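J.: got a predicted model here, sequence first, then my questions.
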Amino acid sequence: MRIYAASLALALSYACSTSAFTPSKHPSVTRSTHRPAAAAVIAIASRSPTTTSLSSSISEDPAIQELYRRRPRPEYIPGKISDPDYVRIFDTTLRDGEQSPGATLTSSEKLEIARNLAKLGVDIIEAGFPIASPDDFNGVKQIADVVGNEVFEDGYVPVIAGLSRANEKDIARAWDAVKGAMRPRIHTFIATSEIHMKSKLNKTPDEVVEIAVNAVTFAKGLGCDDIEFSPEDAGRSDPEFLYRILGRVIEAGATTLNIPDTTGWNMPWEFGELIKKLRENVPGAENVVFSTHCQNDLGLATANSLSGALNGARQLECTINGIGERAGNASLEEVVMSLALKGDEQFKGGPGTGKLYTAINPVYITPTSKMVSEYTGMKCQPHKAIVGANAFQHESGIHQDGMIKDKSTYEIMTPESIGLMRGESQSGAGIVLGKHSGRNAVGTRLREMGYDLDMDKLNAVFARFKEVAEKKKGGLDDDDLESLVMDQSQSTNELWRVTGLQTTTGISGIPTSTVKMMGPDGVERFVSATGTGPVDAVYKAIDQIMGVSVELESYSMNSVNEGIEALASTRVVIVPNANGPNDSVVMDAQTSQLRERKFSGSGSDTDIITSSARAYVSALNKLLTWQMRRVANGASDANDSGIGDAVAVEGHGPVVVAN
């Protein structure tokens, strides 16, 4: 893409001002997300700290590289921030975000997300809940050992935190997971609201205080000097009790006090006032950093977080795309861009000058958002602020007229400032991607959309692109391409794949499906099954081939675009049957109760039955991969081969197994 002088000036001004957020009439430069292969990053886990450069792989032009330069941040000191205007960003996508039903992530996916969070520049990455399972422990430890030791050229390295309940076993496990990082943190919590203490903990307030103090004391005794304490459900807790328990944990060694609105109950003015009162009344408050953790049950998580910042909170906890328990968390992109655009004029009244800022590099917002969406299977709603598909789209004729004349008439920030390269195609001059398009054309358009795939992933997407383009007249649009990228991201740990599929159905006939699959041993097997419908028949055949026992919890299908040749995108969520061969019991971080782990999968194809099969197999592959890791970690004695009742296509006379 050609780079105009105005774009160069825009890039050069970005590092020291918010001018990069201001809409421009000129084309903008593209940028890279550079996602390293998991094997490459795992290999450096045992090495000394490494230095990482923030740069674009698209161009070596200094003006373009300037877009990747982060704003300087104060030296990291637990419990203290030398600049009272600086706001730390604590990302809990990999912990609270993964607790969203169906949002299971593999270890390699978590590692890639953590590395993108580091490029984004978050101050703290909460990598998980280590006591939950051996797999969770290993995932947190891997992030601590790898991402927690990658020092960027500006001196930045993220703090890696592990969550624990307020007991010694949890805390010791969390410390073992994070202590390999250059900046490890233990985050421990206990509920403080009356309803939680009585109904959930069955503890008196005095007992809760004693447990909290002992937990922080134990963490400090392990050698951890960065300890975060959270009074769960603080938004509904008695302020006087909060003054007491928070003062005691400060004495015990807590360096960050996180104030959660666990149920999303508070109004912004209520929550802001709570932060203000805590800062004024908690003994030793001047020696710690106050933090917010706001849930979105009333849609106020971002507003409450910003109200907390207005009243002196200098750490804001959030997640990419706002994912999390129930209605989710405060959205990182909303919090960060609110401070980027309004931080220097609307936050006076707290400590400092009121000109709040972060060191987040927003050009990584879009690629990180897309990565989280792909890996969790949780798409953003189209009208989601900042990262939704419609956030920078204009359909109204009046709006279009204004945009043509001056983009700032309807856009308060440029899409390029958050890493979304609108590209020439969005102005009506883009190439049409069809069956005659080459790999370079597809790769160029994907980069404009925010995907900078490595060669292996690009080849996989391009192969699927060719398959679909042969069937779909008129070419593929951006939504089609995005669906194919998501489809391939689900195949990262592909043990089984569908190689053949034939289905018959009708008003008077019995729906029957014959499915052929390639297994991890390289042998093709096939099974024929009947069902209540064609999809049910396909899923029963797949169950028999793969030897699984699961319940289909949810099934959804969307048309990516319009027309008879539209691409179908399917998403499923499965839950292994209790006490079955695929039992996947894990501990819930919030309730401490055992529950079956859920697995999601996505697939796309112009044929809805094939799309459904790809999504189902994607979810089952995640389940089997997770089980293999659990067996390897010694958490299960199972030795399931993942091969069911199917017969080999080649070999001794093939037999079709009927349901």
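T.: Happy to help now that I have it.

J.: can you tell me the helix or strand for the residue lying closest to residue 385 once chain neighbours are set aside?
T.: Counting by C-beta to C-beta, 6 or more residues apart in numbering, residue 334 is the residue found nearest to residue 385 once chain neighbours are left out, at 5.3 Å. In short, each C-beta sits where N, CA and C put it, glycine included. Here residue 334 sits within helix 332-342, counting by DSSP states H and E.

J.: spatially central residue for the chain, please.
T.: residue 372 (3.5 Å; C-alpha atoms, centre = their mean).

J.: helices or strands up against the one helix or strand that one maps to?
T.: Using DSSP H and E, residue 372 sits in helix 365-376. Helix 365-376 sits against helix 107-120, helix 332-342, helix 478-489, with contacts defined as 3 or more C-beta pairs under 8 Å, 6 or more residues apart in numbering; DSSP states H and E.

J.: coming back round to it: the residue nearest to the centre of the chain contacts residue 93, doesn't it?
T.: Yes: with contacts counted by C-beta atoms under 8 Å, residue 372 reaches residue 93, the gap being 6.1 Å.

J.: mutual contacts of those two, please.
T.: 113, 320, 323 (C-beta atoms under 8 Å, 6 or more residues apart in numbering).

J.: most neighbours out of those, which is it?
T.: Using other C-beta atoms under 10 Å as the neighbour test, those are led by residue 320, with 29 neighbours.

J.: and the helices in the stretch 151-300 of the chain, which stretches?
T.: Taking DSSP state H, counting those that start in this stretch as the criterion, the stretch 151-300 of the chain contains helices spanning 168-178, 194-195, 205-221, 239-252, 268-281.

J.: and the fourth one, what other elements does it pack with?
T.: This points to helix 239-252. helix 205-221, strand 227-232, strand 256-261, helix 268-281.

J.: who touches it?
T.: 192, 205, 208-209, 212-213, 216-217, 220, 229, 231, 234, 254, 257, 274, 277-278, 281-285, 287-288.

J.: please apply the same query to the shortest one.
T.: Helix 194-195 is contacted by residues 233, 236, 237, 238 when judged by C-beta under 8 Å, 6+ apart.

J.: neighbour count, distance to residue 245 and pLDDT added to the residues you listed, as CSV?
T.: Listed next are the contacts of helix 194-195 as CSV, based on neighbours: other C-beta atoms under 10 Å; distance: C-beta to C-beta, whole Å; pLDDT from 0 to 100:
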residue, neighbour count, distance to residue 245, pLDDT
233, 21, 12, 97
236, 17, 14, 97
237, 24, 9, 97
238, 13, 10, 97
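
J.: want to try JSON lines for those, with distance to residue 149 as columns?
T.: As requested, the contacts of helix 194-195 are arranged in JSON lines below (distance: C-beta to C-beta, whole Å):
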{"residue": "233", "distance to residue 149": "35"}
{"residue": "236", "distance to residue 149": "39"}
{"residue": "237", "distance to residue 149": "37"}
{"residue": "238", "distance to residue 149": "42"}
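
J.: pLDDT-wise, which helix or strand of the chain ranks last?
T.: Least confident helix or strand of the chain, by mean pLDDT, DSSP states H and E, is helix 38-42 with a mean of 31.

J.: what angle do the helix ranked longest in the chain and helix 107-120 make?
T.: Counting by DSSP state H, the longest helix found in the chain is helix 608-632. Angle of helix 608-632 versus helix 107-120, following axes from the mean of the first three to the mean of the last three C-alpha atoms, to 10 degrees, is 90 degrees.

J.: can you pull the buried residues of helix 608-632?
T.: Of the residues in helix 608-632, those buried by neighbour count under the rule 16 or more other C-beta atoms under 10 Å are 608-630.

J.: now do that helix: which elements does it pack against?
T.: Short answer (3+ C-beta pairs under 8 Å, 6+ apart): helix 608-632 packs on helix 134-146, strand 497-504, strand 512-518, helix 534-546, strand 550-559, strand 568-576, strand 599-605.

J.: find the nearest non-adjacent residue to residue 598, please.
T.: residue 102 (4.9 Å).

J.: surely the one you found and residue 599 touch.
T.: Yes: Residue 102 is within contact range of residue 599, at 7.3 Å (criterion: C-beta under 8 Å).

J.: so between those two, which is more surrounded?
T.: Legend: neighbour count by other C-beta under 10 Å for residue 102 and residue 599, higher for residue 599 (27 against 20).

J.: how close does the more buried one get to residue 132?
T.: Between residue 599 and residue 132 the distance is 16 Å, computed by C-beta to C-beta, to the nearest Å.

J.: for residue 72, same thing?
T.: 37 Å.

J.: more crowded one of the two?
T.: residue 132 (23 against 14).

J.: could I get the pLDDT score of that one?
T.: Here the pLDDT value assigned to residue 132 is 92.

J.: which phi and psi does it have?
T.: phi -60, psi -40 (degrees, to the nearest 10).

J.: tabulate the helices and strands packed on helix 365-376 (a markdown table), appending distance to residue 186.
T.: Output for the helices and strands packed on helix 365-376, formatted as a markdown table (distance: least, C-beta to C-beta, whole Å):
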| stretch | distance to residue 186 |
| --- | --- |
| helix 107-120 | 18 |
| helix 332-342 | 22 |
| helix 478-489 | 32 |
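
J.: compare those and say which comes out lowest on pLDDT.
T.: Taking the mean pLDDT of the helices and strands packed on helix 365-376, helix 478-489 comes last: a mean of 72.

J.: so residue 494 touches residue 624, yeah?
T.: No: Residue 494 is beyond contact range of residue 624, at 10.4 Å (criterion: C-beta under 8 Å).

J.: quick check: mean pLDDT across the helix holding residue 372?
T.: 93.

J.: and that helix, how far out from the chain's middle?
T.: Chain-centre distance of helix 365-376: 6 Å, with C-alpha atoms, centre = their mean, to the nearest Å.

J.: just the buried positions in the helix holding residue 334, please.
T.: Neighbour counts over helix 332-342 (16+ other C-beta under 10 Å) mark 332, 333, 334, 335, 336, 337, 338, 339, 340, 341 as buried.

J.: and of the helices of the stretch 151-300 of the chain, who's closest to residue 534?
T.: Residue 534 sits nearest to helix 168-178 of all the helices of the stretch 151-300 of the chain, at 45.6 Å, using C-beta to C-beta.

J.: which residues sit against that closest one?
T.: 127-128, 130-131, 137, 140-141, 144, 148, 160-164, 184-188, 215, 218-219, 222-224.
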